[in-house]
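A.B. asks: build me a structure from this.
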Amino acid sequence: MTGHNIKAKMAANSLEEHRKLLDFFRIVGKLKHLKRTGWVRCDVTEPETVAGHMYRMSIMAMVAAGRAHVDQTRAVKMALVHDLAEALAGDITPHCGVSDGDKHARELAALETMVQPLDDRVASEIMALFVEYESNQTAEARFVHDLDKLDMILQADEYEAAQGRDLQQFFDSTREVFRTEEGQGMAAVLRRQRDERRRTGDGGATAETPAAPGTNAD
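C.D. replies: Numbering: from 1, shown residues only. Sure thing, here's the model as predicted:
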């Protein structure tokens, strides 16, 4: 094979790899528009998307991993991956009538489909992070699970403050579920803040509780 042919083949391979990456990115992009089922069911105004949830969780992991004594990089990656399959499987909640086993199977199959365009190393890493999160046995998985629930009740608190809603069900469903000291501590402080706001009758967004995304002028 001549040098020219080798370069042409390399260029063709590069184009194909880029095409595959763009295919994957387009699927991931669906999460920017997929509204979280729990908020849709509660008819909140401008419900957050799965991508929005995953983004704040990832920031939480980056900031709080040191305090929780877990691997920061692994925790951030796990937060980014944990709901990735929902781009194809959808946001399945306990109210959707799907068993935990079926939910896991659907999401696993969806993620396997999603990572097919990626190189083996990256695909394997994404799958391993998802399985680790679902198994919830490692320190990082327990930490990220706690962040998942923390972000949910923090979002519920923000919706209550900004929209005057009662989202008690989200606080009830997360009692006694936090397994890490950091998760328990932050959840306890959030609950106290919420109780104080409700006690004083402050139903609007305050300096401490920013308005829900998209509700301010800019």
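
A.B. asks: which SSE is the residue nearest to the spatial centre of the chain in?
C.D. replies: Centroid-nearest residue in the chain, with C-alpha atoms, centre = their mean: Met54, separated by 2.8 Å. For Met54, the host element (DSSP states H and E) is helix 50-68.

A.B. asks: distance from that helix to the middle of the chain?
C.D. replies: Chain-centre distance of helix 50-68: 9 Å, with C-alpha atoms, centre = their mean, to the nearest Å.

A.B. asks: could you export that helix as PDB, CA atoms only?
C.D. replies: C-alpha atoms of helix 50-68 as PDB (Å, rounded to 0.1, in the frame of the first residue of the first chain):
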ATOM      1  CA  VAL A  50     -32.400  15.000  33.300                       C
ATOM      2  CA  ALA A  51     -29.300  16.800  32.100                       C
ATOM      3  CA  GLY A  52     -29.900  19.600  34.500                       C
ATOM      4  CA  HIS A  53     -30.200  17.100  37.400                       C
ATOM      5  CA  MET A  54     -27.000  15.300  36.300                       C
ATOM      6  CA  TYR A  55     -25.100  18.600  36.000                       C
ATOM      7  CA  ARG A  56     -25.700  19.800  39.500                       C
ATOM      8  CA  MET A  57     -25.100  16.300  40.800                       C
ATOM      9  CA  SER A  58     -21.700  16.300  39.100                       C
ATOM     10  CA  ILE A  59     -20.800  19.700  40.700                       C
ATOM     11  CA  MET A  60     -21.900  18.400  44.000                       C
ATOM     12  CA  ALA A  61     -19.600  15.400  43.600                       C
ATOM     13  CA  MET A  62     -16.700  17.500  42.600                       C
ATOM     14  CA  VAL A  63     -17.100  19.900  45.600                       C
ATOM     15  CA  ALA A  64     -18.100  17.400  48.300                       C
ATOM     16  CA  ALA A  65     -16.100  14.300  47.400                       C
ATOM     17  CA  GLY A  66     -13.100  15.400  49.500                       C
ATOM     18  CA  ARG A  67     -15.300  15.800  52.600                       C
ATOM     19  CA  ALA A  68     -16.800  12.400  52.000                       C
END
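
A.B. asks: buried set for that helix?
C.D. replies: 50-58, 60-61, 64-65, 68 (16 or more other C-beta atoms under 10 Å). No exception for glycine: its C-beta is placed from N, CA and C like everyone else's.

A.B. asks: show me what secondary structure element comes after the host helix or strand of Ala75.
C.D. replies: Take DSSP H and E as the rule and Ala75 turns out to sit in helix 72-81. Downstream of helix 72-81, the first helix or strand assigned by DSSP H and E is helix 86-89.

A.B. asks: which helices and strands does that following helix pack with?
C.D. replies: helix 3-29, helix 100-114 (3 or more C-beta pairs under 8 Å, 6 or more residues apart in numbering; DSSP states H and E).
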